[in-house]
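S.K.: Sequence first, then the predicted structure:
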Amino acid sequence: PIAETMFQTDGVLTLGWFKNWHGPLRNRSLMDVDIEEVRKSLEAEDQISEAYVSRHFPHTLSIEIKERQPILVLRLGSKAGGICDWLVSSDGTMYLGTGYPPSSLALLPSLSLDGSLIRPKKEGGGFEKLVGIPTVAPLLELARREYPAVYRDWRVVSYERPNEPDPGAHISIRSGRVKSLRFFPGNYAIQMRRLDYLLLEPDMRRRSVIESIDLSHGRSVFAKL
């Protein structure tokens, strides 16, 4: 019989979650468990990107998983009539998160986008990946890592054709101090350096609220005070 279950993750899921998800393991032997089926079922969970399942004889089942990390929260109406918060990972996966402290989710910016970009899965149960997010994600990750004071003020993120080369493609961010920020989808390091430099200018530092800053036009930066 399985006497021990080893469970490792780089995220928030727990051994208790696995036992509840998989069902009772008591009185089952290692050979009773189809480890390939368990792996595929785990990876079918949108919160999990990769899973590794193995047997360690005589009586240990080993589970190792890698979880997607949320970067945005998308609030949608539910069929029951309420509001449901969907988490969005850097690859565009939308999922209902399990195990996250509410305090950590409260720090994530919200996502606002055209409803036509949200497509239900054909087999039901959730939504297809959001196509534009992999282009937007590096901006959020850069800001969170290198400009935390700026990032903490970002509240709502939206985008328009981020994978297209046309001049109208952009990412918009609403924040507390700068009401409207606009980025071009690419060269984020340069745009963030320009933003950081601009916010340190004496005229900017004296203002508690700035109407808009547009960094999407190459070397030209447009600010409305």
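M.R.: Structure received. None of the values given here were measured: they were computed from a predicted structure.
S.K.: buried stuff in stretch 209-217?
M.R.: The neighbour-count check on stretch 209-217 (16 or more other Cβ atoms under 10 Å) flags 210, 213-216 as buried. No exception for glycine: its C-beta is placed from N, CA and C like everyone else's.
S.K.: quick one: which of these is nearest to Asp91?
M.R.: Distance ranking of these against Asp91, using Cβ to Cβ, places Ser216 first at 24.0 Å.
S.K.: Now for that closest one: which residues touch it?
M.R.: Neighbouring residues of Ser216 by Cβ atoms under 8 Å, 6 or more residues apart in numbering: 170, 182-184, 191.
S.K.: Just give the nearest non-adjacent residue to it, would you?
M.R.: Once its chain neighbours are removed from consideration, Ser216 has its nearest residue in Phe184; the separation is 4.0 Å (Cβ to Cβ, 6 or more residues apart in numbering).
S.K.: give the contact list for the one you found.
M.R.: Counted by Cβ under 8 Å, 6+ apart, Phe184 has contacts 169-171, 191, 215-218.
S.K.: could you redo the last one with a cut-off of 7 Å?
M.R.: Applying Cβ atoms under 7 Å, 6 or more residues apart in numbering to Phe184 gives the contacts 170, 191, 216.
S.K.: Same check on Leu61?
M.R.: Per Cβ under 7 Å, 6+ apart, neighbours of Leu61: 2, 5, 30, 33, 55.
S.K.: all helices for this structure, in order.
M.R.: Counting by DSSP state H, residue ranges of the helices within the chain are 15-22, 35-43, 102-105, 133-146, 148-151, 188-199, 202-205.
S.K.: Look up how far Arg145 lies from the nearest residue to Ser54 once chain neighbours are set aside.
M.R.: With Cβ to Cβ, 6+ apart as the measure, Ser62 is the residue that lies nearest to Ser54, at 4.7 Å, once sequence neighbours are left out. Taking Cβ to Cβ, to the nearest Å as the measure, Ser62 and Arg145 are separated by 32 Å.
S.K.: So which of those two has more stuff around it?
M.R.: For Ser62 versus Arg145, neighbours defined as other Cβ atoms under 10 Å are more numerous around Ser62 (15 against 9).
S.K.: hang on, the more buried one packs against Ile2?
M.R.: No: Ser62 lies out of contact with Ile2 (Cβ atoms under 7 Å); the separation is 10.7 Å.
S.K.: just the strands in the chain please.
M.R.: Along the chain, the stretches classed as strands by DSSP state E are 4-9, 48-56, 60-67, 70-77, 83-89, 94-95, 110-111, 154-160, 170-175, 178-183, 210-217, 220-224.
S.K.: how about TSV for those, with distance to Pro202 and mean pLDDT added?
M.R.: Supplementary listing: these in TSV, determined by distance: least, Cβ to Cβ, whole Å; pLDDT from 0 to 100:
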stretch	distance to Pro202	mean pLDDT
strand 4-9	48	94
strand 48-56	46	95
strand 60-67	44	96
strand 70-77	33	94
strand 83-89	38	94
strand 94-95	43	97
strand 110-111	32	98
strand 154-160	24	97
strand 170-175	20	97
strand 178-183	16	97
strand 210-217	13	95
strand 220-224	14	93
